[in-house]
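Engineer: starting from these lines, generate the structure:
(chains A and B)
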Amino acid sequence: DAMVIQNPRYQVTQFGKPVTLSCSQTLNHNVMYWYQQKSSQAPKLLFHYYDKDFNNEADTPDNFQSRRPNTSFCFLDIRSPGLGDAAMYLCATSNILGGGAYNEQFFGPGTRLTVL
Amino acid sequence: AQSVAQPEDQVNVAEGNPLTVKCTYSVSGNPYLFWYVQYPNRGLQFLLKYITGDNLVKGSYGFEAEFNKSQTSFHLKKPSALVSDSALYFCAVRANTGGFKTIFGAGTRLFVKA
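Structural biologist: Presented below is the predicted three-dimensional model:
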């Protein structure tokens, strides 16, 4: 089945130690998103890629970076995790065709990040 | 600016009774509206969407939602609730004026009691 895969499902890191979360998709969607979700709150968009074009949200800290080496993969890098970065990180994809932004997003299962 | 309000943090309903989860929105231009469900330690799962046309939209698992332009609402409904419907529900909006950013509501936790 076509899907969005996130690895690992659970990640433990130390304060200040860089960490990378990965997302892959078999849907061939052109848009990929990274969200941060804390304690069952609304997902907060960090950034998204439309094909290779990177779009950063204005309030996303510089500590968060992303890479999309190809259509299928997208990575979230946290350069120096703080205690406040402990959260669920959700990857999502969407197929935006002809400028129409009406297609729904497909979410991965999430990676729960713990910072010690 | 786009925004979504889910006025209820929690909705409690008995199994077999109808359920409603409320959502109101604010957006420039015509909206694209979505409902997603999230089970514990899982990603969000798409339920249904409104793009244009018929105000009553049917989705997965027997859910439906009614778009009301004058009240800027998009309430989620189900005629007969199941215990397995207990989850966190998010309403979301995206403007049709371009851009791919989706604004999510704060979420409503639904408890269905047997």
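
Engineer: okay, now the closest residue to B:K58 other than its chain neighbours: neighbour count?
Structural biologist: Once flanking residues are discounted, B:K58 sits nearest to B:E64: 4.8 Å by CB to CB, 6 or more residues apart in numbering or on different chains. No exception for glycine: its C-beta is placed from N, CA and C like everyone else's. As a burial measure, B:E64 scores 16 neighbours (other CB atoms under 10 Å in any protein chain shown).

Engineer: pretty sure B:A14 sits against B:D85.
Structural biologist: No: B:A14 is beyond contact range of B:D85, at 11.7 Å (criterion: CB atoms under 8 Å).

Engineer: ok, A:C23 - contacts?
Structural biologist: A:V4, A:I5, A:Q6, A:M32, A:W34, A:F73, A:C74, A:F75, A:L76, A:C91, A:G108 (CB atoms under 8 Å, 6 or more residues apart in numbering or on different chains).

Engineer: can you do 6 Å?
Structural biologist: A:Q6, A:C74, A:C91, A:G108 (CB atoms under 6 Å, 6 or more residues apart in numbering or on different chains).

Engineer: please report how far it lies from chain B.
Structural biologist: Applying CB to the nearest CB, to the nearest Å, the value for A:C23 to chain B is 11 Å.

Engineer: beta partners of that residue?
Structural biologist: A:Q6, A:C74 (DSSP bridges).

Engineer: pLDDT weak spots in the chain?
Structural biologist: If you meant another chain, say so; for now it's chain A. A:1-2, A:98-101 (pLDDT under 70).

Engineer: please go with chain B instead
Structural biologist: B:96-100.

Engineer: what's the closest non-adjacent residue to the residue of it found nearest chain A?
Structural biologist: Relative to chain A, the nearest point of chain B is B:G43 (3.4 Å; CB to the nearest CB). Closest residue to B:G43 apart from its sequence neighbours, by CB to CB, 6+ apart: A:F107 at 3.4 Å.

Engineer: who's in contact with the residue of chain B closest to chain A?
Structural biologist: A:L90, A:F107, A:G108, A:P109, A:G110.

Engineer: mind putting those residues into a markdown table with secondary structure?
Structural biologist: Below are those laid out as a markdown table (DSSP: H, G, I helix; E, B strand; the rest coil):
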| residue | secondary structure |
| --- | --- |
| A:L90 | strand |
| A:F107 | strand |
| A:G108 | coil |
| A:P109 | coil |
| A:G110 | coil |
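
Engineer: which of these lies closest to chain B?
Structural biologist: A:F107 (3.4 Å).

Engineer: what parts of chain B come near chain A?
Structural biologist: Residues of chain B lying close to chain A by CB under 6 Å from any CB of the partner chain are B:32, B:34, B:42-44, B:46, B:49, B:51, B:88, B:94, B:100, B:104, B:106-107.

Engineer: mind giving me the PyMOL select for these, buried ones only?
Structural biologist: Here is the PyMOL command that selects the buried residues among those (16 or more other CB atoms under 10 Å in any protein chain shown):
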select buried, chain B and resi 32+34+42+43+44+46+49+88+94+100+104+107
